[in-house]
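# Got a predicted structure here, sequence first:
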Amino acid sequence: TIKNNGDPLTTADTLANQILKIQLQDNFPHDGWLSEETHDDLSRLHCQRVWVVDPIDGTKEFVKGLPEYAVSVALVEEGLPILAAVFNPASAELFYAIKGQGVWRNHVPIHCNYPIQPSLTILASRTEMADGKWVPFMATHQIQAVGSIAYKLALVAAGKAHATFSLTPKSEWDIAAGVLLVQEAGGMVTDLNNQPFVFNQPQVRVNGIIATTTETNAVIRDIV
């Protein structure tokens, strides 16, 4: 199935959404719910805590058989993520974080500390690269195309790249979990206007995202 925005929708998307929604709402009945694959009735705005979910982030990659998609789940309390998990089934990588307590990949602590090099390694959107939006950066930096933004954020948190950024709008469910992963790993993450994210908003679209190691943040901000 193709959604109104042109993105594919698979049985796996809807089934993953159903499983997560049943499990989380059964165990936490007073929490709100925001998911890409569930109609948003805005009742979540009256909840102190909200689950922000993308059942499969990177469905295009999933359909093509590329191992660059992920399940993204965040628990947001009063606008800020306090618990996050990003799971890539294809690579068997589970990234998870607890606010103020750290972040792990497959139970091993991780840190946002990719070594400084003359040219920065930046993870890019496959779609944005295909549209030519990354051409200005390719002459001076090492650009690697990776599908899911949730997975890209997790890789930055794990010290696999200096940064990732999106030059096009995203939705809260795309980034909520990844934001906490990067923060707990010691990195920096903001929207394109250098503003922190506050989730569970009436309008779930954000202008984009920039996630970096602390050391490279100023350089990345200068080029975006």
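Received, thanks.
# which parts of stretch 7-21 are buried?
For stretch 7-21, the neighbour count (16 or more other CB atoms under 10 Å) marks Asp13, Ala16, Asn17, Leu20, Lys21 as buried. Placement of C-beta: from N, CA and C, glycine included.
# got the CA coordinates for that stretch in PDB?
Extracted C-alpha coordinates of stretch 7-21, given in PDB (Å, rounded to 0.1, in the frame of the first residue of the first chain):
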ATOM      1  CA  ASP A   7       5.700   6.300   1.400                       C
ATOM      2  CA  PRO A   8       5.000   2.600   1.400                       C
ATOM      3  CA  LEU A   9       2.900   0.900   4.100                       C
ATOM      4  CA  THR A  10       3.400  -2.800   4.700                       C
ATOM      5  CA  THR A  11       1.700  -5.400   6.700                       C
ATOM      6  CA  ALA A  12       4.700  -5.400   9.000                       C
ATOM      7  CA  ASP A  13       4.100  -1.700   9.800                       C
ATOM      8  CA  THR A  14       0.500  -2.200  10.800                       C
ATOM      9  CA  LEU A  15       1.300  -5.500  12.700                       C
ATOM     10  CA  ALA A  16       4.200  -4.000  14.600                       C
ATOM     11  CA  ASN A  17       2.000  -1.000  15.500                       C
ATOM     12  CA  GLN A  18      -0.800  -3.300  16.700                       C
ATOM     13  CA  ILE A  19       1.600  -5.400  18.900                       C
ATOM     14  CA  LEU A  20       3.200  -2.300  20.500                       C
ATOM     15  CA  LYS A  21       0.000  -0.500  21.100                       C
END
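# mind putting the buried residues of stretch 7-21 in JSON lines, secondary structure and distance to Glu172 included?
Below are the buried residues of stretch 7-21 laid out as JSON lines (DSSP: H, G, I helix; E, B strand; the rest coil; distance: CB to CB, whole Å):
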{"residue": "Asp13", "secondary structure": "helix", "distance to Glu172": "17"}
{"residue": "Ala16", "secondary structure": "helix", "distance to Glu172": "18"}
{"residue": "Asn17", "secondary structure": "helix", "distance to Glu172": "15"}
{"residue": "Leu20", "secondary structure": "helix", "distance to Glu172": "15"}
{"residue": "Lys21", "secondary structure": "helix", "distance to Glu172": "16"}
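# Confidence-wise, which of those residues comes last?
Minimum pLDDT for the buried residues of stretch 7-21 is recorded at Asp13 (92).
# That residue against Thr38, yeah?
No: Asp13 lies out of contact with Thr38 (CB atoms under 8 Å); the separation is 11.0 Å.
# Val182: which of the buried residues of stretch 7-21 is nearest?
Nearest to Val182 among these is Leu20, at 22.2 Å by CB to CB.
# Nothing else from me, thank you.
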